[in-house]
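Undergrad: Give the three-dimensional model of this entry:
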Amino acid sequence: VVCRIVDVAIGGGSNRFACERLRMWLGLTGMVAVVAALVFGGTAQAVTVNLSPAWVEAAQYSGLGAAPDAPGNTVWNTEPIRASVFGPNDGTARTQPNLLASDGSATNIGWTITGFQNDIGHISPHPGKALFHTSYWNEYRDAPAGQLEFFGLNDAEPHDVYIYSMAKTNTERYGGEFTIGGTTLSTDTIPHVHDAFVEGDNYVKFSNVVPSGGSIVVSMEEYRVDPEWGKAWVVSGFQIQEVPEPTSLILLGLGSATFVALRRRW
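TA: Numbers count the residues shown, from 1 in each chain. You can find the predicted model right below:
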């Protein structure tokens, strides 16, 4: 069809080369458009799960976190902390299955936290970011590592994991040291920022983590922010987000575009 239009407009068979170049350009343009639509469309539909611990039944925080998400996707799960700040702990794991996604839809994703030695929760009023108001907290003189596990995940999808970690007393600040596989990241809470999420200050991000057996395990070590302060690990909340595989999207896009081009040619 393209060649017929060119022939009529320009004057016949002598312009066949120009016609073929035009058809190739249109094919490449269509290919780029298909790939772009697949990449950006897949990213927009990524499943994100949020959790904000709280001293009460309602989630402490409602809003966007550091993970990219649609403006209206502000649903946060919560797990009420049922203990005094420095109360006894019987070692029972805190766990929740079937969390809601950030858009309110149901998921099979759950989480478990273990490793408390003496402390379970900590209230640290933060006027700028309510996510840091309440945290899971452990400070017990070089205690064994804690563990945070996400389960019910799709092994075929890599995930980005965001762990928020910052607590403040009258004299000290606390963060944590977190490890997935061979990667260790920490929050140093310096500067002590309340009105923004700052990577390495009040949260860490692990990128493109591939689940194994449907789970991702985070090891949590006590971290000393200042030599004169105590050691602790703190979890003020988390986000876990599916990341569509870029290579798969590009290959799918190229295959689709090639199919469209062949149909046009024949």
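Undergrad: can we go C-alpha only for contacts and neighbour counts from here?
TA: Noted.
Undergrad: ok, the closest residue to residue 215 other than its chain neighbours - contacts?
TA: What sits nearest to residue 215 in space, not counting adjacent residues and going by Cα to Cα, 6 or more residues apart in numbering, is residue 151, at 4.2 Å. By Cα atoms under 8 Å, 6 or more residues apart in numbering, the contact list for residue 151 reads 109-111, 214-216.
Undergrad: Is it correct that residue 218 falls within a strand?
TA: Yes - applying DSSP: H, G, I helix; E, B strand; the rest coil, one finds residue 218 inside a strand.
Undergrad: That one is in contact with residue 148, isn't it?
TA: Yes - between residue 218 and residue 148 there is a contact under Cα atoms under 8 Å: 5.0 Å.
Undergrad: all strands of the stretch 1-150 of the chain, in order?
TA: 48-51, 94-96, 110-114, 121-123, 134-138, 146-151 (DSSP state E, counting those that start in this stretch).
Undergrad: buried set for the second one?
TA: Of all the residues in strand 94-96, those buried under the rule 16 or more other Cα atoms under 10 Å are 94, 96.
Undergrad: Point out the other helices and strands that it packs with.
TA: strand 110-114 (3 or more Cα pairs under 8 Å, 6 or more residues apart in numbering; DSSP states H and E).
Undergrad: now swap in the first one and tell me
TA: Under the contact criterion of 3+ Cα pairs under 8 Å, 6+ apart, strand 48-51 touches strand 237-242.
Undergrad: same thing with the fifth one?
TA: Using 3+ Cα pairs under 8 Å, 6+ apart as the contact definition, the elements that strand 134-138 packs against are strand 121-123, strand 233-235.
Undergrad: show me where the protein has helices.
TA: Using DSSP state H, the helices of the chain run over 2-6, 16-44, 246-265.
Undergrad: Please enumerate residues in contact with stretch 178-188?
TA: 165-166, 174-177, 199-204, 206, 216-221, 223, 225.
Undergrad: Mind listing what's buried along that stretch?
TA: Applying 16+ other Cα under 10 Å to stretch 178-188 flags 178-179, 185-188 as buried.
Undergrad: Put together TSV for the residues you listed, with distance to residue 116 and pLDDT on each row.
TA: Shown next, in TSV, are these (distance: Cα to Cα, whole Å; pLDDT from 0 to 100):
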residue	distance to residue 116	pLDDT
178	15	94
179	17	96
185	20	96
186	19	91
187	19	91
188	21	85
